[in-house]
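Participant: No sequence on hand, only this structure:
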């Protein structure tokens, strides 16, 4: 039962991926749109993560500075 819970969604994800690949292969014009959307999403995620990392680094440096002094 535990294995079934851990592996839940495996088949639905693979089926969805297969159909997505099939339809994108049939519609090259949509491939361009999908790539453009993915690039925008990845750029936004990279910006968000880098901003959060900068905040973490600033907070860490401040914490060390106050601890040492």
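Facilitator: Received, thanks. Quantities reported herein were computed from a predicted structural model and do not represent experimental measurements.
Participant: C-alpha only now, for contacts and for neighbours.
Facilitator: OK.
Participant: So which helix or strand of the protein has the lowest pLDDT on average?
Facilitator: helix 2-6 (a mean of 51; mean pLDDT, DSSP states H and E).
Participant: Helix or strand next in line after that one, which one?
Facilitator: Downstream of helix 2-6, the first helix or strand assigned by DSSP states H and E is helix 10-26.
Participant: Show me what counts as buried in that following helix.
Facilitator: For helix 10-26, burial by neighbour count (16 or more other Cα atoms under 10 Å) applies to no residue.
Participant: which residues are contacting that helix?
Facilitator: For helix 10-26, the external contacting residues (Cα atoms under 8 Å, 6 or more residues apart in numbering) are 30-31.
Participant: what's the following helix or strand after it?
Facilitator: Once the chain leaves helix 10-26, the next helix or strand it forms, by DSSP H and E, is helix 28-68.
Participant: which secondary structure elements does that following helix contact?
Facilitator: Packing partners of helix 28-68 (3 or more Cα pairs under 8 Å, 6 or more residues apart in numbering; DSSP states H and E): helix 10-26.
Participant: Kindly calculate the angle that the helix it packs on makes with helix 28-68.
Facilitator: For helix 10-26 against helix 28-68, the angle by axes from the mean of the first three to the mean of the last three Cα atoms, to 10 degrees is 130 degrees.
Participant: Report the mean per-residue pLDDT for helix 10-26.
Facilitator: Helix 10-26 carries an average pLDDT of 83.
Participant: same deal with stretch 31-50?
Facilitator: The model assigns stretch 31-50 a mean pLDDT of 85.
Participant: Check which residues of that stretch are buried.
Facilitator: For stretch 31-50, the neighbour count (16+ other Cα under 10 Å) marks no residue as buried.
Participant: List the residues that contact residue 41.
Facilitator: So residue 41 contacts nothing (Cα under 8 Å, 6+ apart).
Participant: how near is it to residue 26?
Facilitator: For residue 41, the distance to residue 26 (Cα to Cα, to the nearest Å) stands at 24 Å.
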